[in-house]
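1. mind folding the following:
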Amino acid sequence: MQMVNYQTDAKKNGWSWVFNEAGLDQVTGADWSHPKGPNSNISNRGNYPVTNISWSDAQAYCEWLDVRLPTEAEWEKAARGTDGRIYPWGTASPSCLLANYSGCIGDTTAVGSYTSGASPYGVMDTAGNVWEWVADWYSATYYSSSPSSNPTGPSSGEYRVLRGGSWSNSENDISSTIRDKGYTVYSVNLIGFRCTRSP
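-> Numbering: from 1, shown residues only. Next comes the predicted model:
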């Protein structure tokens, strides 16, 4: 489903970052519909995560659907539950039967492919596959002074928070506690998003 007359940041810029065997490259013509560049496409990938989407793009899409990006706290609870687990499935080390991470596939996989890796709430793909934008501004020290219930992040910042790790990350980086950050206009084929709605 596309927003009419909306151009993503990658489309406007004419390029996006693409991670491949050689590392991270700035690729002309890479965007959400051409995730690795102009010679790639999303044919037969309608149930795969959309990548090369900036935080601003993700925010705009969720608003268009009359939903929103989850807060970081919401994302983490959905991924970990309330029993302190390290990964969505528990404390066992990752395997390629539980998540799509470094060495398993080498690219994104269809949403919901790893049913054994679901969180306690049945949420899929919160470990590996793609990093996910959340609503919060990033601060390395926010949780030392945040409210204990439903924190919504700092009121401003330079970066937005990313959670979950991607298909290129090691098992340590797909832990449900790992945080990363990116500029609001940053897009790469390792990052996607999901929307949520308030009950």
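
2. for the most centrally placed residue in the chain, which non-adjacent residue is closest in space?
-> In the chain, the residue lying closest to the centroid (C-alpha atoms, centre = their mean) is Glu132, at 1.5 Å. Leaving aside its sequence neighbours, Glu132 sits nearest to Gly164 (C-beta to C-beta, 6 or more residues apart in numbering; 4.9 Å). For the C-beta atoms, the positions are set from N, CA and C on the backbone; glycine is no exception.

3. and if you look at Ser40?
-> His34 is the one closest to Ser40 (C-beta to C-beta, 6+ apart), at 5.2 Å.

4. check contacts around the one you found.
-> Contacts for His34 were tallied using C-beta atoms under 8 Å, 6 or more residues apart in numbering; they are 40-42, 52.

5. any idea how many residues pack against Arg163?
-> Using other C-beta atoms under 10 Å, Arg163 is surrounded by 22 other residues.

6. from memory it sits against Val130, does it?
-> No. Arg163 is not in contact with Val130 according to C-beta atoms under 8 Å; the separation is 10.4 Å.

7. confirm the residue nearest to the centre of the chain sits in a strand?
-> Yes. Per DSSP: H, G, I helix; E, B strand; the rest coil, Glu132 lies within a strand segment.

8. you'd agree it is up against Gly192?
-> Yes. Between Glu132 and Gly192 there is a contact under C-beta under 8 Å: 6.0 Å.

9. now do the buried residues in stretch 89-107.
-> Under the neighbour-count criterion of 16 or more other C-beta atoms under 10 Å, stretch 89-107 has 89, 94, 98-102, 104, 107 buried.

10. what's the span of it from first residue to last?
-> 22 Å (C-alpha to C-alpha, to the nearest Å).

11. what residues does it touch?
-> 85, 87, 108-109, 113-114, 116-119, 125, 127-129, 165-171, 173-174.

12. tell me where this protein has strands.
-> 15-20, 23-28, 131-137, 160-163, 179-182, 191-193 (DSSP state E).

13. partner strands of the longest one, parallel or antiparallel?
-> Read it as strand 131-137. Next to strand 131-137 in the sheet, as set by DSSP bridges, lie strand 160-163 (antiparallel), strand 191-193 (parallel).

14. off-centre distance for the first one?
-> Here the centre of strand 160-163 is set off from its chain's centre by 8 Å, with C-alpha atoms, centre = their mean, to the nearest Å.
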